Structure formats: C-alpha cells, structure tokens
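K.L.:
Sequence and predicted structure, then a few things I'm wondering about:
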2 protein chains.
Amino acid sequence: MIRLLADPLRARIINRLAEGPACTCHLVDETGAKQPNVSGHLRLLRRAGLVAIEPRGRFTYYRLLPDAIETTAAQLFELAGRARATAESRRAC
Amino acid sequence: MIRLLADPLRARIINRLAEGPACTCHLVDETGAKQPNVSGHLRLLRRAGLVAIEPRGRFTYYRLLPDAIETTAAQLFELAGRARATAESRRAC
DNA sequence: GGTATACATCATGGTGTGCTGATATCAGAG
DNA sequence: CTCTGATATCAGCACACCATGATGTATACC
C-alpha cells in the first residue's frame, strides 16, 4: 500500500489528482509521461482502492479517494506515537 | 523518503524499532535477515534521518526518530484534505 | 598480547518493476 | 459507416535495488 506511494511518477499522479479529478489525457499532458505508462499506474492505483474511475464517453476520469490515504497516514502517526512511548525501554543484548 | 518505508524488510525493522531502541543483533535475530542486509538498511535509514545511532561499546543501538515519520504522516493527511476539498472541481478536456 | 563477537563495507548476482512500442478496443465526429 | 482520438492491454527491455558472501574494523573478554 505504501509501496504505491513510493514511485515518483505515481506520486506525481496522486498529487495531481489531489487538486481535483482528471482524465488520463490530463495526466499524460501534465506529467509528461507516455500514455501506456500513466494508464498502467492508474490501474494499480485503482486496484488498490486509491482512486475511483468515472468513465465519461471517450474519456475516463479518475478521482483520488481520501480515505485510503488517511488510513495509512493514521498508521504512520500511530507508529510515531509508539516510538515516543517506548523511547527509553532499551533492551539488553 | 516514503520510498524508505516501502521496502518489506525496512518496514519490519522500523516496526521493531517503534517498540523501543535495539541494536543490530536484535534486529538480525528478530527479522531473520542476514546481518549485512540489516546493516545496509540501517545505513539508509540513518542517512535519511529516520533513525538515530547510539554506539555502546561493541553494540550499536538504533532509535526510531518520530519526527520524520510524523512529518510524512502530516503530508499524507494534507494530501487527503486537498482531495476532499477539490473533489468536485472536474476540469474539462 | 590473542581471540571472539558485533558491526560495517564492498563486490557480485538475481529479480522485481517501471518504461516503451505496438496493438486492440471503444466512443464520438463527420 | 468511416475515421479519429482516448484509453487499455500486452510483450519485451533495461535498470535499479535488494540479498548474499567475503572481508575489514573495532571493542571486549580471556
């Protein structure tokens, strides 16, 4: 899940989708990447439930789903909280 | 930065360090990975400022730094917030 | 001193994964 | 119906990156 956010092009796509829904041609234009590449990444994001698909005639609009992202953000916060709580419980070798 | 959290073994190391500081031998034992592998990942995490190093004699203790993780968690929350705010600003082709 | 243990570094190899070009599909315009 | 443009899928390639074994360094214990 985090792995999906780790790729540079996917990160650009996600950042763009955070500014509002867009169709594939928008993403191709604005990222400068080739269309099959963008399409492939969008497929991964869709299968992971990170984006929703809305076909409109010839065009396919993608929308970023905030819930999935907030879930992983919350997991990271919880991780940081655990680290703070256990900062002094050093275990002996 | 997110990329560092994406690797499976690094994720296990980080999760372990969230339960308290540990030295390399602990991490090698508890992850089952080979020592040079663990050591290499720890180097990356250290260079990125995700963990702090505390040498104690022969042993080297590593401690997870919560600030870096919280920073990226906050970025993800902000991303989700932007997605919510712009959910209806669909741009025409 | 010598030995053993913890750890780091290096060179090598294998594999996952992203990128590309070609092709298929499908909707709309004419 | 035909043609064009938008998108999806597939096969092949290339590169990055993780894992491993060997080796080096340093500290503690005898």
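P.N.:
Arrived safely. This structure is a prediction, so every number in the text was calculated from the model and none was measured.

K.L.:
Please make it C-alpha for all contacts and neighbour counts, starting now.
P.N.:
Will do.

K.L.:
all strands for chain A, in order.
P.N.:
With DSSP state E as the criterion, chain A has strands at A:22-23, A:51-56, A:59-64.

K.L.:
contacting residues for residue A:40?
P.N.:
By CA atoms under 8 Å, 6 or more residues apart in numbering or on different chains, residue A:40 lies in contact with nothing.

K.L.:
just to revisit the earlier point, in JSON lines, list the strands of chain A along with mean neighbour count and distance to DNA strand D.
P.N.:
Below are those laid out as JSON lines (neighbours: other CA atoms under 10 Å in any protein chain shown; distance: least, CA to the nearest atom of the strand, whole Å):
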{"stretch": "strand A:22-23", "mean neighbour count": "24", "distance to DNA strand D": "4"}
{"stretch": "strand A:51-56", "mean neighbour count": "15", "distance to DNA strand D": "7"}
{"stretch": "strand A:59-64", "mean neighbour count": "21", "distance to DNA strand D": "4"}
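
K.L.:
Which residues of chain A lie near DNA strand C?
P.N.:
By CA under 7 Å from any atom of the strand, the residues of chain A that approach DNA strand C are A:4, A:7-9, A:33-34, A:36-37, A:56-58.

K.L.:
Going by distance to chain B, which of those wins?
P.N.:
Lowest distance from chain B to those (CA to the nearest CA) belongs to residue A:7, with 7.4 Å.

K.L.:
So the closest one is in contact with residue B:4, correct?
P.N.:
No - assessed by CA atoms under 8 Å, residue A:7 is found out of contact with residue B:4, at 11.1 Å.

K.L.:
between the two, which one's more packed in?
P.N.:
Comparing residue A:7 with residue B:4 by neighbour count (other CA atoms under 10 Å in any protein chain shown), the higher total belongs to residue B:4, at 18 against 15.

K.L.:
Now do the same contact list for that one.
P.N.:
Residue B:4 makes contact with B:10, B:44-45, according to CA under 8 Å, 6+ apart.

K.L.:
Now with 10 Å, please.
P.N.:
Going by CA atoms under 10 Å, 6 or more residues apart in numbering or on different chains, residue B:4 touches A:2-3, A:6, B:10-11, B:14, B:41, B:44-45, B:48, B:50.

K.L.:
who wins for most neighbours among the residues you listed?
P.N.:
The residue in those with the most neighbours, by other CA under 10 Å, is residue B:14 (23 neighbours).

K.L.:
Next, count neighbours for residue A:17.
P.N.:
For residue A:17, the tally of surrounding residues (other CA under 10 Å) stands at 24.

K.L.:
can you check residue A:30 too?
P.N.:
Using other CA under 10 Å, residue A:30 has 12 other residues around it.
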